[in-house]
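> build the 3D model from these lines:
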Amino acid sequence: MRVAVLCGGVGAARFLAGLLQVIEPTDVTAIVNTGDDVILHGLHISPDLDTVTYTLAGATDAERGWGLAGETWQAMEGLRRYGGVDWFNLGDRDLATHLYRTHRLSEGAGLAEVTAEIANAWGLGLQVLPVTDDPLRTMVTVVDEGEIGFQEYFVRRQHSVEVTDVRFAGADAARPGPGVLAALSVADVVVIAPSNPLVSIGPILAVPGIRHAVEEARERTVAVSPIVGGAAIKGPADRMLRELGHEASVTGVARLYAPLAATLVIDQVDADQADAVEAIGIRSVVTPTIMSESGVAAALARTVLSEGAR
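Okay, here's the model as predicted:
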């Protein structure tokens, strides 16, 4: 069974880790958001690509949920001494990834090529594909400040400021990355991972051709709600949904995904909303979705595969 997963952030990485427990890695393609990418200290940083890579390699810092375990921070300490930009923490081990990526890109390699090299170096068996090789940047308009980059919002301001708009700079001119449309076309099941619908999945769908490809695959597409009991498991998805005029609930997620997916998987906490979800025009499946407990991610993956193959 071939599976393509639209991914962004920690929730998607945890889902992928569960998926790889129940299906051969060579049958899985992760299509990863690059709207979070940022150039800092002259380095090309791809947070979602790295979160997926480090998590699947078993190298992530378990307490933070991102970055590498066993990190040291001497480079950041040096930056602070000089008065440099220090709001985006880069561990000493993590810096090697960004140095390698930036160097290879400067040599003319595409982001997909470099991502494959990094994934291979970590011994990953699945395909990890950036959604595009072209520049794509999520820009967030916040109250009293105007438009800022996503990392400025998410990291520097700790996503504590109200959002009034989201824009995907470069999306109109971007092309799907190598292998992305093919992976969606041949997949037996397409999965929209439990990621922020607006700023993790949104940038992926903004690249011309990808939304249409997912719509074409609707009957074999399963989305997993990142909202449980009216709140995000991690990050600002619930607040962003409300601030941008959506309902922060599984029914709000259902309205966003109904044109794209035939099935929405929701947590047991939201079982009483299953009928309301189905009234929107998307099949509802109730199962545990909070992947903090051992075995939940694999069980969730089995449910998703079963529903997508119906």
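> show me which residues of stretch 256-275 are buried.
256-258, 260-267, 269-270, 273-274 (16 or more other CB atoms under 10 Å). Backbone N, C-alpha and C define where each C-beta goes, glycine included.
> what's in contact with that stretch?
With contact meaning CB atoms under 8 Å, 6 or more residues apart in numbering, stretch 256-275 is reached by 190, 192, 197, 205, 211, 214-215, 218-225, 228-229, 246, 249-251, 253-254, 277, 280-290, 300, 303-304, 307-308.
> where does the stretch 101-250 of the chain have low pLDDT?
Across the stretch 101-250 of the chain, no stretch falls below the confidence threshold (pLDDT under 70).
> mind checking which of the contacts of stretch 256-275 are buried?
Those of the contacts of stretch 256-275 that meet the buried threshold are 190, 192, 197, 205, 214, 218, 220-225, 228, 246, 249-251, 253-254, 277, 280, 282-290, 300, 303-304, 307-308, by 16+ other CB under 10 Å.
> let's see which of the residues you listed end up in helices.
Mapping the buried ones among the contacts of stretch 256-275 onto helices (DSSP state H) picks out L205, V214, V250, T251, V253, A254, V277, L300, T303, V304, E307, G308.
> can you tell me the closest non-neighbouring residue to the first one?
The shortest distance from L205 to any residue that is not its chain neighbour, by CB to CB, 6 or more residues apart in numbering, is 4.4 Å, and that residue is R211.
> now do the fifth one
Counting by CB to CB, 6+ apart, the nearest residue to V253 once its immediate chain neighbours are dropped is S225, at 4.7 Å.
> doesn't T289 make contact with the one you found?
Yes - S225 is within contact range of T289, at 6.9 Å (criterion: CB atoms under 8 Å).
> anything in contact with each of these two?
Common neighbours of S225 and T289 (CB under 8 Å, 6+ apart) are P194, V265, I266, D267.
> pull up the distance across stretch 39-54, start to finish.
20 Å (CA to CA, to the nearest Å).
> what pLDDT, on average, does it get?
Per-residue pLDDT over stretch 39-54 has a mean of 97.
> chain center to it: distance?
13 Å (CA atoms, centre = their mean, to the nearest Å).
> list the buried residues in that stretch.
Neighbour-count burial for stretch 39-54 [16+ other CB under 10 Å]: L43, H44, I45, S46, P47, D48, L49, D50, T51, V52, T53, Y54.
> which pair in those spans the largest distance?
Spatial extent of the buried residues of stretch 39-54 (CB to CB) is set by the pair L43 and V52 at 18.6 Å.
> distance to V140 and secondary structure for the shared contacts of S225 and T289 - can I get that in CSV?
As requested, the shared contacts of S225 and T289 are exported to CSV (distance: CB to CB, whole Å; DSSP: H, G, I helix; E, B strand; the rest coil):
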residue, distance to V140, secondary structure
P194, 21, coil
V265, 28, strand
I266, 27, strand
D267, 27, coil
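> for those, which one is nearest P130?
Nearest member of those to P130, counting by CB to CB, is P194, at 19.9 Å.
> count the neighbours of the closest one for me.
By other CB atoms under 10 Å, 33 other residues sit near P194.
> show me what contacts it?
G11, A12, F15, V224, S225, P226, I233, T289.
> right, I'll call it a day here.
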